[in-house]
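1. Return a 3D structure for these sequence lines:
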Amino acid sequence: MRGQLALRAATAASWASQKAGRGKGSMIGGLIALKIDPTIMTQLGRGRRTVLVTGTNGKSTTTRMTTAALQTLGQVATQADGANMDAGIVAALTADRTAPLAAIEVDELHLPHVADALNPSVVVLLNLSRDQLDRVGEINMIERRLREGMARHPHAVLIANCDDVLVTSIAYDHPNVVWVSAGSGWSVDATSCPRSGEPILWEGEHWYSTGTDFKRPEPQWRVDEHAIHGPDGLEIPLSLALPGRANRGNAAQAVAAAVALGADPAKAAAAAATVREIAGRYKTVEIGGHTTRLLLAKNPAGWQEALSMIDPAATGLVIAVNGQVPDGEDLSWLWDVRFEHFEGTQVVAAGERATDLAVRLTYAGVEHTTIADPLRAIASCPAGRVEVLANYTAFRDLNRDLEEKAGVRA
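-> Model prediction:
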């Protein structure tokens, strides 16, 4: 009865939020439901086979791909907006109470207690690297928390990226692991073994901890430029709508997760490949004489991957950085990103912290101009293709401004 009351109150709050023009109201509905009944997430998860997706980067993309792959089996409850903490998860499960399957994105700090509440069938572990230190804390502490959390769920299948040292440590002792070689373009945060402190040595794609038996497991799934390769010689062509090597790794883990729940591998891969846009990420819009593509990055590993996706033929590159609470107010991470020279491309530093970024670009030897307003920064670029790379709130605010700007055509 308490749960039913919580859901009715959540529905009423969401309706009121919509009528007041304050948005869809899903978050306030989830918050109210949890206040009335703290067990509501567990109640909403009963009777579903649930996949949880977590990691520092790629959660929203992989969740969308996993949802598409699972839809080959049936109806799937999931977040439409990437809200990956408790209220957003409750809102997603409330929105579709009858779906027998769920694909839920989870913030890495929240994974242990969300797993306790939802008792997942599958957990996808993408990667682990430094995020905002003022919110998340030290990465080795997060690894230990996730390892302890997964130990409480020995029957869950862990879809773990064996190319990521910290993810491997989380899953290494688990009795039910499917190892995927999904790639790891960032190893700066795992130069030493998270278990022993000994150095991690790399030999090509293989790595191992000196003085211990901790090493890269052999993957059951891997991905290359053309296909996903699975158990027993399985090979499935993979042509993604999304750019970048990291997204091919995301697709491999999404397919492995769906197969763990009984999906046909070829159908799951084909479905995952149809994903084109995630909450505005990778979206292309026409603004005056500019064809503008929007990319999101939130931490050093994500920035490095996003920079590798920049089209070298683009006539302009706008890099927008804010320093609000969701971004992390400490922007020292800018100095961990390997900014490259962009010969032939006009680079513009933008965002609330444009001057901080401009200093970093100067030390990196990147010729640039500084225009704080991202829309004005785009307008300053030569006509043609403009790439926009923004952190969280800069990306959010730019999307809002584009929606309000008359004549913008997706």
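
2. use CA for all of it now, contacts and neighbours both
-> Will do.

3. Report the beta-bridge partners for the closest residue to residue 96 other than its chain neighbours.
-> Spatially, and ignoring its direct neighbours in sequence, residue 96 is nearest to residue 77 (5.6 Å; C-alpha to C-alpha, 6 or more residues apart in numbering). Listed by DSSP bridges, the beta-bridge partners for residue 77 are residue 102.

4. From residue 63, how far off is residue 77?
-> 11 Å (C-alpha to C-alpha, to the nearest Å).

5. And the two? Which one has more around it.
-> Higher neighbour count among residue 77 and residue 63: residue 63, with 31 against 23, using other C-alpha atoms under 10 Å.

6. Quick check: neighbours shared by residue 77 and residue 63?
-> 103-104 (C-alpha atoms under 8 Å, 6 or more residues apart in numbering).

7. care to break the protein down by domain?
-> 38-274, 284-406 (the TED database).

8. Comparing those domains, which comes out most buried?
-> Across those, averaging neighbours per residue (mean count of other C-alpha atoms under 10 Å) puts domain 38-274 on top, at a mean of 20.

9. Need the distance between the two termini of that domain.
-> With C-alpha to C-alpha, one end of domain 38-274 sits 37 Å from the other.

10. and what of stretch 353-373?
-> Between the start and the finish of stretch 353-373 there is a gap of 11 Å, counting by C-alpha to C-alpha.

11. Same question for stretch 331-351.
-> 13 Å.

12. where's it relative to the chain centroid, distance-wise?
-> Stretch 331-351 has its C-alpha centroid displaced from the chain centroid by 22 Å (C-alpha atoms, centre = their mean, to the nearest Å).

13. cool, and stretch 215-231?
-> The answer for stretch 215-231 is 20 Å, by C-alpha atoms, centre = their mean.

14. Against residue 374, how distant is residue 361?
-> Taking C-alpha to C-alpha, one finds residue 361 at 17 Å from residue 374.

15. and residue 291, helix, strand or coil?
-> Per DSSP: H, G, I helix; E, B strand; the rest coil, the secondary structure class of residue 291 is strand.

16. Show the contacting residues for it.
-> 284-285, 384-386.

17. Outside of stretch 196-216 itself, which residues are in contact with it?
-> Outside of stretch 196-216, the residues within contact range by C-alpha under 8 Å, 6+ apart are 162-163, 165, 168, 190-193.

18. do stretch 394-406 as well
-> In this structure, residues lying in contact with stretch 394-406 by C-alpha under 8 Å, 6+ apart are 280, 294-296, 320-322, 351, 374-375, 389, 408.

19. Please export the C-alpha coordinates of that stretch as PDB.
-> The C-alpha trace of stretch 394-406 is given here as PDB (Å, rounded to 0.1, in the frame of the first residue of the first chain):
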ATOM      1  CA  ALA A 394      28.200  23.500 -21.600                       C
ATOM      2  CA  PHE A 395      26.700  20.800 -23.700                       C
ATOM      3  CA  ARG A 396      23.400  21.000 -21.900                       C
ATOM      4  CA  ASP A 397      23.100  24.700 -22.200                       C
ATOM      5  CA  LEU A 398      24.100  24.700 -25.900                       C
ATOM      6  CA  ASN A 399      21.400  22.200 -26.700                       C
ATOM      7  CA  ARG A 400      18.900  24.300 -24.900                       C
ATOM      8  CA  ASP A 401      20.000  27.400 -26.800                       C
ATOM      9  CA  LEU A 402      19.800  25.500 -30.100                       C
ATOM     10  CA  GLU A 403      16.300  24.400 -29.400                       C
ATOM     11  CA  GLU A 404      15.200  27.900 -28.600                       C
ATOM     12  CA  LYS A 405      16.900  29.400 -31.700                       C
ATOM     13  CA  ALA A 406      14.500  29.800 -34.500                       C
END
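
20. what's the offset of it from the middle of its chain?
-> How far stretch 394-406 lies from its chain's middle: 21 Å, per C-alpha atoms, centre = their mean.

21. Tell me the bridge partners for residue 284.
-> residue 293.

22. Confirm for me that it is in contact with residue 290.
-> No. Between residue 284 and residue 290 there is no contact under C-alpha atoms under 8 Å: 10.0 Å.

23. returning to that earlier point: so which of the contacts of stretch 394-406 comes closest to residue 312?
-> Of all these, residue 389 has the smallest distance to residue 312: 13.7 Å, by C-alpha to C-alpha.

24. Please report the distance of the closest one from residue 246.
-> 16 Å.

25. now the helices for the stretch 301-410 of the chain?
-> 354-363, 374-379, 392-404 (DSSP state H, counting those that start in this stretch).

26. right, and the ones you listed - which one's nearest residue 276?
-> helix 392-404 (16.6 Å).

27. so residue 184 is in which element?
-> For residue 184, there is no host helix or strand (DSSP states H and E).

28. quick one, what contacts it?
-> Residue 184 touches 127, 163-164, 246, counting by C-alpha under 8 Å, 6+ apart.

29. Need those in a markdown table (columns: secondary structure).
-> A markdown table is the format used below for those (three-state DSSP):
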| residue | secondary structure |
| --- | --- |
| 127 | coil |
| 163 | coil |
| 164 | coil |
| 246 | helix |
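
30. After the lowest-mean-pLDDT helix or strand in the chain, which helix or strand is next?
-> Using mean pLDDT, DSSP states H and E, the weakest-scoring helix or strand in the chain turns out to be helix 2-19, at a mean of 64. Downstream of helix 2-19, the next assigned helix or strand under DSSP H and E is helix 26-36.

31. Flag every buried residue along that following helix.
-> If you call a residue buried by 16 or more other C-alpha atoms under 10 Å, then helix 26-36 has these buried ones: 26-34, 36.

32. what's the distance between residue 182 and residue 262?
-> The value you get for residue 182 to residue 262, if C-alpha to C-alpha is used, is 21 Å.

33. so what's residue 390 up against?
-> By C-alpha under 8 Å, 6+ apart, residue 390 lies in contact with 294-297, 319-321.

34. is it true that residue 106 touches residue 56?
-> No. Using C-alpha under 8 Å, residue 106 is not in contact with residue 56; the gap is 10.2 Å.
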